[in-house]
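[1] what follows is a predicted protein model with its sequence.
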Amino acid sequence: MDQLLHQVASNMEKQLDSEIERLETLDSSDLEAIRQQRIAEMKKRAKAKQEWIANGHGDYTEIDGEKEFFTVCNKSENVVCHFYKNDTPRCKIVDMHLKILAKRHVETRFVKLDVERAPFLTGRLKIRVIPTIGLVKDNKTKDFIVGFTDLGNRDDFSTDMLEWRIARSEVIEYNGDLLVPPEEARKARMLQIQSKKTIRGRPDSDSDLELSD
């Protein structure tokens with residue numbers, strides 16, 4: 001584990017150094033081109049966000065049944081659907097996390113569906129464990145998070161952990177490391193900070209040398 005954390009910290013530092021070096025080599029025309037590109041991207045993003053909000057993105061909502069499920073998947077490129085039952089306590093835990101993630105990821109539609117209202121769909125998707133989270137991209141079911149097995153097999157998993165697991169199926173935008181769970185990545189960052197502090201705190205070995213003629 002320590003070796004993995006050291007490797008992650010080292011990779012992060014190399015990426016940062018590489019980006020700093022790249023920026024330092026840019027001239028004024030390059031910077032202006034980047035600025036114009038950034039403005040265009042921001043305008044495109046703002047327009048997309050308006051369309052997402054109009055389609056119900058940004059909120060975690062309940063859908064009525066199978067027909068609405070297919071309508072949602074037709075309208076939105078990325079969909080996270082929580083298949084739940086009212087008498088299953090773990091579904092309340094999933095609800096809590098998905099409410100947070102729905103606001104964090106407006107690029108994706110977050111919904112919930114009572115399995116008793118969708119017997120055909122749940123049978124077709126072979127959903128047998130509740131809760132199950134279906135991950136849909138481009139109108140195709142890409143992956144399922146079945147129960148809490150992928151979340152550490154514990155009820156007190158973090159929202160970040162669920163976010164990371166969903167991101168591995170590419171239905172939300174994610175800037176973190178998809179190969180390393182968020183808790184391990186956080187430890188690696190702390191290790192990197194501590195390492196830099198240690199280096200800065202070391203006395204300069206040359207400062208103790210006395211030069212003589």
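    Happy to help now that I have it. Numbers count the residues shown, from 1 in each chain.
[2] by mean pLDDT, point me to the weakest helix or strand of the protein.
    The helix or strand of the chain with the lowest confidence, counting by mean pLDDT, DSSP states H and E, is helix 2-24 at a mean of 63.
[3] quick one: low-confidence ranges for the protein?
    For the chain, the stretches with pLDDT under 70 are 1-17, 19-24, 26, 195-213.
[4] that one: strands as residue ranges?
    60-62, 78-84, 109-114, 132-137, 140-146 (DSSP state E).
[5] which outside residues touch the second one?
    In other words, strand 78-84. Outside strand 78-84, the residues within contact range by Cβ atoms under 8 Å, 6 or more residues apart in numbering are 63, 69, 72-73, 91, 94-95, 98, 101, 107-115, 118, 122, 125, 127, 130-137, 166, 171-172. Where C-beta positions appear, they are placed from N, C-alpha and C, glycine not excepted.
[6] sorry, back to before: between the strands of the chain, which gets nearest to residue 191?
    With Cβ to Cβ, the closest approach to residue 191 among the strands of the chain belongs to strand 140-146: 29.0 Å.
[7] before we move on, back to that, filter the contacts of strand 78-84 to the buried ones?
    Neighbour-count burial (16 or more other Cβ atoms under 10 Å) applied to those gives 63, 69, 72-73, 91, 94, 98, 101, 107-115, 118, 122, 125, 127, 130-137, 166, 171-172.
[8] so how far is residue 65 from the residue nearest the centre of the chain?
    In the chain, the residue lying closest to the centroid (Cα atoms, centre = their mean) is residue 174, at 3.9 Å. Taking Cβ to Cβ, to the nearest Å as the criterion, residue 174 is separated from residue 65 by 30 Å.
[9] next: residue 80.
    Between residue 80 and residue 65 the computed distance is 18 Å (Cβ to Cβ).
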